[in-house]
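J.: please find the sequence and the predicted model below.
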Amino acid sequence: MKKIIRAAVVASSLILMTPAIAAAAPASNQQGLVNQQIEPAQVKDAQPQNKINNQPAQSANAASSSSSSQASDQHSSNQGNGQGSQTYTQQFQNTNTTLSGKSVRSTTYFNKIDYWDVKKATFNLTYATTRLRDDQASNITVSLNGVKFYSFKLSNNDGQQTISIDLPLNLLQSSNVLTIQGQIIDQNQSGDPESTPANWLTIYNGSNVNFSYDVKQPDDQISAFYNHFTGNDTVSNHQSVILVPAKASNDELAAATYALTGISRVLTTDAAKVNISSWADSSMNNQPYQIVIAKYDQLPQEYRKAVNAGDLQNGKAVLKFVNGKDKKVLVVTAKNASSLIQAGKYISNEELMKQTTADSKMIDTDTEVFSSQMQNNGDYPLATDGTKLTGSGHQEQVFFINLPHHQNNSKGSYINLNFKYADNIDFKTSLITVYVNGKPIGSKRLTAAKANGDYLKVNIPNNTNLSSACTVRVAFDLNMKDDHVNGQTPWAYIENDSNAYINSTDKTDLLFNNYPSCFIKDSTFNNIAVQLPHKMNQDYYQALSNIFNLIGCYAETNVGNITFHSGEMADSELANHNVIVLGTPKDTSLIRKWNSKLFFKFNKHFNRFVSNEKMSIESDYGKQIGVVQLLFNPENKDKAALVVSGATPKDVELASTQIDTQAHAGTLKGDAAVIDQNSQQFMYRFKKKVNNQHGPSIYKRIKSNTAFMTYMIIGSLTLILIAVIVYLFIRKNFRREEQANHE
């Protein structure tokens, strides 16, 4: 799967983005001014907005900023309002951000889904500005995909405000760049204004784009179904589901899980998820977009009739799109387990699904279904296109890079920048500075001699934690000798061959800080075995969906192994796998077997959790909490085990909500977490030793350390030389004594 690299213009603040966001910044060459409207827009006082992610709101000084849209999105239907029949709101995933300086700029990204017939798109900007501003001189201009279309003077009102601006429909693309820029002038400033702390504009995290649209129904193509099934609005409105038989076999669950992980990998809605469920659940069976996965003899009669039984001969599987009026169903079936699992892997491959334009597809064990993966060997281009920054003073560009979640920064990482800049700046005070995750790592003064082609390479400190997302901020201070005399606007240009090289190593600490890296290796599933309850119910299906929605986000390919076991696994099987255990002690015997090895143990009746050295647990309270525990596999300390348990199936489902999304898992620390019915969460660390990795032998460590080898050789030669000298000295003295005695 392609690495996602996004760039955005920012001036003195850094906004970290969730690794799962897949909205890419589009390139646009459109220029010009379209309908500059100075009349007031719909401005109104704004109520405080709710947070749209699980991170606390933050504020930072900036002259330009960037964000990307993702759901926490809202979806509803309109009835008879003269607009589209559906509405959908994409929230911008930025925290509260303060832009400072006489010139302010903020860039954000959002997507328009291709099957929408958009009737209206509205940009809702929630902001506040300094009370010291000059309302006549201060103004804001909004651009869409590089085209300016709306300008407004700031309202006389103080405090938080919201302005609603209709976006030109003819400028909308699949991926869109929305830019806010303008000037905030202090009313006490005169002449050419200088930047002061009083020049500021704050953009709040309630800002969004709202779409009103009609849905274009899918053609009789599997690719069209896939686009609708994975659409942000469909998933956010919980209209997509993967269905299996009421008594699904382990192989049917494996096929469904492969499909789920591939779908979760391409979703840009972090808060919403696709679920695996049984078609016996009527609430799920009525969803308008369904993937039905089952062996042929288990299929409902209505879907069995839609599949040509002859197509299933010779071990083939079939994908068949049934385009009904109220339900759009992709039927996935085979007569044998291996072909059915192969079909599940086919669905997990986004490229193949989008290329399948027929309404049916036959698959066998020889069909190539593996997901492609970009091999970058640690080299991450900062942007596909060059980036130009214009204007005097402080200008910045931020590049966002997604890194493999299971790897960590190691010695030897660096940032390589190729750039050029105007020759009319004050070279005594102008410079470039590079930041990684908000921390400065290097600077360089700009010179007239290298204005047409300069270069900077800065090493990333070895102790820099890059996690799964890295932000590289490049800041130019383009200072002018005399702004009044020099009428030319200074600029800087970052070449498209600039890159970051991340020399990474695998994360080995078995802690939730690194989850789910223990279940990912080489960007795919790390030999996972799932111990299921002996009988699945809706709570267990939900818990299973939660767990693999998150794991799927980090598995870039589908070539790894996932196996399911409804009966208790043998010790030899447990020892050879990284194990996920799901259920209550009553429904999953392995939990009873491993109870003495768990951090949070059940009592002798296995109906509640008991107190331990970290947490006191009241008897009734222990019957209504869910616990996730990350420990070394008791059957093989070199493998991992995740135990998701509770006294009831509902508590198991509750426990799984701690590891269902990147936002939730990102808050976990330690190796055990408890959540109760009031959503109170408690985290603990029990293990003193967090990995069982065996370091290299002394011989290998000495061999790999060239400096040590050099010193050792020199030292050895020195000792030999000293020994020879001592020997010759003793020998010479001995001969003298012999001669003296002889005389």
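T.: Perfect, thanks for sending it. Since the model is a prediction, treat every value here as computed from it, not as a measurement. Numbering: from 1, shown residues only.

J.: show me where the stretch 351-500 of the chain dips below the pLDDT cut-off.
T.: Low-confidence regions of the stretch 351-500 of the chain, defined here as pLDDT under 70, cover residues 373-376, 404-410, 467-469, 482-487.

J.: now for the host helix or strand of K388, which elements pack on it?
T.: K388 is located in strand 387-390, with elements delineated by DSSP states H and E. The elements that strand 387-390 packs onto, with contact taken as 3 or more C-beta pairs under 8 Å, 6 or more residues apart in numbering; DSSP states H and E, are strand 393-402, strand 491-494. Where C-beta positions appear, they are placed from N, C-alpha and C, glycine not excepted.

J.: mind running it again at 10 Å?
T.: strand 393-402, strand 414-421, strand 469-478, strand 491-494 (3 or more C-beta pairs under 10 Å, 6 or more residues apart in numbering; DSSP states H and E).

J.: would TSV of these with distance to Y501 be doable?
T.: Shown next, in TSV, are those (distance: least, C-beta to C-beta, whole Å):
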stretch	distance to Y501
strand 393-402	11
strand 414-421	5
strand 469-478	11
strand 491-494	16
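
J.: turn these into CSV, including distance to D158 and mean neighbour count.
T.: Shown next, in CSV, are these (distance: least, C-beta to C-beta, whole Å; neighbours: other C-beta atoms under 10 Å):
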stretch, distance to D158, mean neighbour count
strand 393-402, 27, 23
strand 414-421, 39, 20
strand 469-478, 31, 23
strand 491-494, 36, 21
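
J.: indicate which one of those strands is closest to N437.
T.: strand 469-478 (5.6 Å; C-beta to C-beta).

J.: mind checking how far stretch 384-398 is from the chain centre?
T.: Taking C-alpha atoms, centre = their mean, to the nearest Å, one finds stretch 384-398 lying 25 Å from the centre of the chain it belongs to.

J.: of all the helices and strands packed on strand 387-390, which one is nearest A663?
T.: Smallest distance to A663 across the helices and strands packed on strand 387-390 (C-beta to C-beta): 12.6 Å, for strand 469-478.

J.: which other helices and strands does that closest one contact?
T.: Looks like strand 469-478 contacts strand 5-8, strand 387-390, strand 393-402, strand 414-421, strand 431-436, strand 439-445, strand 491-494, strand 499-501 (3+ C-beta pairs under 10 Å, 6+ apart).

J.: adding distance to S679, write these out as JSON lines.
T.: Formatted as JSON lines, those follow (distance: least, C-beta to C-beta, whole Å):
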{"stretch": "strand 5-8", "distance to S679": "32"}
{"stretch": "strand 387-390", "distance to S679": "43"}
{"stretch": "strand 393-402", "distance to S679": "29"}
{"stretch": "strand 414-421", "distance to S679": "41"}
{"stretch": "strand 431-436", "distance to S679": "35"}
{"stretch": "strand 439-445", "distance to S679": "34"}
{"stretch": "strand 491-494", "distance to S679": "45"}
{"stretch": "strand 499-501", "distance to S679": "38"}
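
J.: do you know which of these lies nearest Y515?
T.: The minimum distance between Y515 and the helices and strands packed on strand 469-478 falls on strand 393-402, with 17.1 Å, by C-beta to C-beta.

J.: name the strands paired with the closest one and say parallel or antiparallel.
T.: Sheet pairing of strand 393-402 (DSSP bridges) gives strand 5-8 (antiparallel), strand 469-478 (antiparallel).

J.: tell me the angle of the last one relative to strand 439-445?
T.: Between the direction of strand 469-478 and that of strand 439-445, the angle (axes from the mean of the first three to the mean of the last three C-alpha atoms, to 10 degrees) works out to 30 degrees.

J.: what about strand 469-478, distance to the chain center?
T.: Distance, stretch centre to chain centre, for strand 469-478: 20 Å (C-alpha atoms, centre = their mean).

J.: just stretch 551-558 next, same as before
T.: Distance of stretch 551-558 from its chain centroid, counting by C-alpha atoms, centre = their mean, is 11 Å.

J.: and for stretch 534-543?
T.: Computed by C-alpha atoms, centre = their mean, the chain-centroid distance of stretch 534-543 equals 27 Å.

J.: span of that stretch from start to end?
T.: End-to-end distance for stretch 534-543: 15 Å, by C-alpha to C-alpha, to the nearest Å.

J.: which parts of it are buried?
T.: M536, N537, Q538, D539, Y540, Y541, Q542, A543 (16 or more other C-beta atoms under 10 Å).

J.: swap in stretch 371-390?
T.: Buried residues in stretch 371-390, counted by 16+ other C-beta under 10 Å: S371, G378, Y380, L382, A383, T387, L389.

J.: can you pull out the strands in the stretch 51-200 of the chain?
T.: For the stretch 51-200 of the chain, the strands defined by DSSP state E, counting those that start in this stretch cover 64-77, 86-92, 97-100, 103-111, 116-129, 139-144, 147-153, 161-166, 175-183, 200-203.

J.: and the residue nearest to D281 when sequence neighbours are not counted, what does it touch?
T.: Leaving aside its sequence neighbours, D281 sits nearest to Q538 (C-beta to C-beta, 6 or more residues apart in numbering; 5.6 Å). Counting by C-beta atoms under 10 Å, 6 or more residues apart in numbering, Q538 makes contact with N275, S277, S278, A280, D281, S283, M284, P649, K650, E653.

J.: and the first one, how far from I242?
T.: Which is N275. N275 sits 7 Å away from I242, going by C-beta to C-beta, to the nearest Å.

J.: name the residues contacting each of those two.
T.: Among the neighbours of N275, those also in contact with I242 (C-beta under 10 Å, 6+ apart) are L260, M284, Y541, S545.

J.: who are the contact partners of the first one?
T.: Applying C-beta under 10 Å, 6+ apart, we find L260 in contact with 242, 273-276, 291, 293, 344, 347-348, 544-545, 548-549, 551-552.

J.: what does the last one give?
T.: With contacts defined as C-beta under 10 Å, 6+ apart, the neighbours of S545 are 241-242, 256-257, 260, 264, 273-277, 653, 656, 660.

J.: would you turn the residues you listed into TSV with pLDDT?
T.: Formatted as TSV, these follow (pLDDT from 0 to 100):
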residue	pLDDT
V241	97
I242	98
A256	98
T257	98
L260	97
S264	93
K273	90
V274	95
N275	96
I276	97
S277	97
E653	98
S656	98
D660	94
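
J.: how about CSV for these, with distance to I363 and secondary structure added?
T.: What follows is these, written out as CSV (distance: C-beta to C-beta, whole Å; DSSP: H, G, I helix; E, B strand; the rest coil):
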residue, distance to I363, secondary structure
V241, 22, strand
I242, 17, strand
A256, 15, helix
T257, 17, helix
L260, 18, helix
S264, 21, helix
K273, 26, coil
V274, 21, coil
N275, 24, strand
I276, 20, strand
S277, 23, strand
E653, 33, helix
S656, 31, helix
D660, 30, coil
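
J.: make TSV out of the residues you listed and add distance to T162.
T.: Compiled in TSV, those are given as follows (distance: C-beta to C-beta, whole Å):
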residue	distance to T162
V241	36
I242	39
A256	43
T257	43
L260	38
S264	33
K273	30
V274	33
N275	35
I276	40
S277	39
E653	38
S656	37
D660	32
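
J.: start to end distance for stretch 150-168?
T.: Start and end residues of stretch 150-168 are separated by 10 Å (C-alpha to C-alpha).

J.: let me redo that: stretch 227-245
T.: 25 Å.

J.: tell me the pLDDT at the residue nearest to Q681 when sequence neighbours are not counted?
T.: Excluding its sequence neighbours, the residue lying closest to Q681 (C-beta to C-beta, 6+ apart) is I675, at 5.0 Å. If you check I675, the pLDDT there is 97.

J.: I675 bridge partners, please.
T.: G626, Q681.

J.: neighbours around it, how many?
T.: 22 (other C-beta atoms under 10 Å).

J.: quick check: it vs Q298, distance?
T.: 35 Å.

J.: nearest spatial neighbour of L631, skipping sequence neighbours?
T.: A641 (5.3 Å).

J.: three-state assignment of the one you found?
T.: Three-state call for A641 (DSSP: H, G, I helix; E, B strand; the rest coil): strand.
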